[in-house]
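> turn this into a model:
(one chain, ligands or ions: 1)
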Amino acid sequence: MQKKNRVILALDVTSGADAVKIVEAVKDHVDAVKINWPLILAAGPDIIRQISRHRDVICDMKIADIPYINGLIVNQAMSRGASAVICHGFTGEDSVKACVDAAKGQAFVVTEMSHPGGKQFTAPVADKLAALAKGAGARGIVAPATRPERIADLRKLIGDLEIISPGVGAQGGKATDALRAGADYIIVGRAIYEAKDPKDAARALSEEARQSL
Ligand code: 3DU
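Here you go, the predicted model:
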């Protein structure tokens, strides 16, 4: 995944045709496209390959099962052209390791979630989840742009692992705050794909991101 714009598009639209149109419009201003269940269920899993022709695809299925099933899920995503996957860490080290192995290291582990409910169960164990990600050989973690101070805390625990950070825009987080706190990339969905001109919105965010470093 290139590291030029510092923006990952969260493409949570529910039409394959719209998804491809948006990717074609914004691809020069985003480094990767993250897709989640809404698009995969609406358009079918082949959408992974279609989007991967334009940009690296991160499959955010927040995988959270026993190791054997995690491995099967990741194999399905990677064989369709995904460059990386996102899994939960609360399932334990063996389950995370199964994702990391199947993704050949290209797995990100969710730590503290960005929404208000993320404080309830994920925040109290986020440090442990970050340590687990590091121990399991993950590529990085997912940490909240809505709480940049937590990005800074988690950065100290994981060293040079990558941090990808959702919560910018619709959830109230700011690109500059997240990146200055230690995120490598911001993840942005609605603020791009719901904008009047998604290309302009993506360009503005990538400019803000690059200026903040
Ligand atoms: O709020 P947005 O529309 O920018 O979308 C955020 C994306 O990031 C969305 O795909 C969601 O599944 C993902 N995400 C979070 O919002 C919060 C997390 O803690 C982890 C992932």
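> CA only for contacts and neighbour counts going forward, please
Fine.
> average pLDDT for the helix or strand where Leu157 lies?
Taking DSSP states H and E as the definition, Leu157 sits inside helix 148-158. Mean per-residue pLDDT for helix 148-158: 97.
> ok, now stretch 40-55?
For stretch 40-55, the mean confidence score works out to 98.
> buried residues, the helix holding Leu157. List them.
Using 16 or more other CA atoms under 10 Å as the test for burial, helix 148-158 gives Pro148, Arg150, Ile151, Ala152, Leu154, Arg155, Ile158.
> so which bits of this protein are right by the ligand?
Within reach of the ligand by CA under 6 Å from any ligand atom, the chain has these residues: 10, 12, 113-114, 144, 166-171, 188-190.
> now with 8 Å, please.
Proximity of the chain to the ligand (CA under 8 Å from any ligand atom) is limited to residues 10-12, 34-36, 60, 110-115, 118, 142-144, 165-171, 187-192.
> which of these are buried, as a ChimeraX select command?
Command for ChimeraX that selects the buried part of the residues of the chain next to the ligand, burial taken from 16+ other CA under 10 Å:
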select :10,11,12,34,35,36,60,110,111,112,113,114,115,142,143,144,165,166,167,168,169,171,187,188,189,190,191,192
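> which of the residues of the chain next to the ligand fall within strands?
In strands, defined here by DSSP state E, the members of the residues of the chain next to the ligand are Ala10, Lys34, Ile35, Asn36, Asp60, Val110, Val142, Ser165, Pro166, Ile187, Val188.
> look up how far Leu9 lies from the fifth one.
Pointing back at Asp60 there. 12 Å (CA to CA, to the nearest Å).
> ok, Ile8 touching Asp28?
No. In this structure, Ile8 is not within contact of Asp28 by CA atoms under 8 Å, at 11.4 Å.
> the two: which has the busier surroundings?
Taking neighbours as other CA atoms under 10 Å, Ile8 and Asp28 compare with Ile8 leading, 28 against 16.
> mind checking the SS state of the more buried one?
Counting by DSSP: H, G, I helix; E, B strand; the rest coil, the backbone at Ile8 sits in strand.
> which residues touch it?
Contact analysis of Ile8 by CA atoms under 8 Å, 6 or more residues apart in numbering lists Val30, Asp31, Ala32, Val33, Lys34, Tyr185, Ile186, Ile187, Val188.
> so what sits opposite it in the bridge?
Residues in a beta bridge with Ile8, per DSSP bridges, are Ala32, Ile187.
> just the pLDDT at it, thanks.
98.
> which helices and strands does the helix holding Leu157 pack with?
helix 126-136, helix 175-181 (3 or more CA pairs under 8 Å, 6 or more residues apart in numbering; DSSP states H and E).
> show residues contacting it.
With CA under 8 Å, 6+ apart as the criterion, helix 148-158 contacts 127, 130-131, 134, 143-145, 163, 177-178, 181-183.
> mind putting these into CSV with pLDDT?
Below are the contacts of helix 148-158 laid out as CSV (pLDDT from 0 to 100):
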residue, pLDDT
Asp127, 98
Ala130, 98
Ala131, 98
Lys134, 98
Ala143, 98
Pro144, 98
Ala145, 98
Ile163, 98
Asp177, 97
Ala178, 98
Ala181, 98
Gly182, 97
Ala183, 98
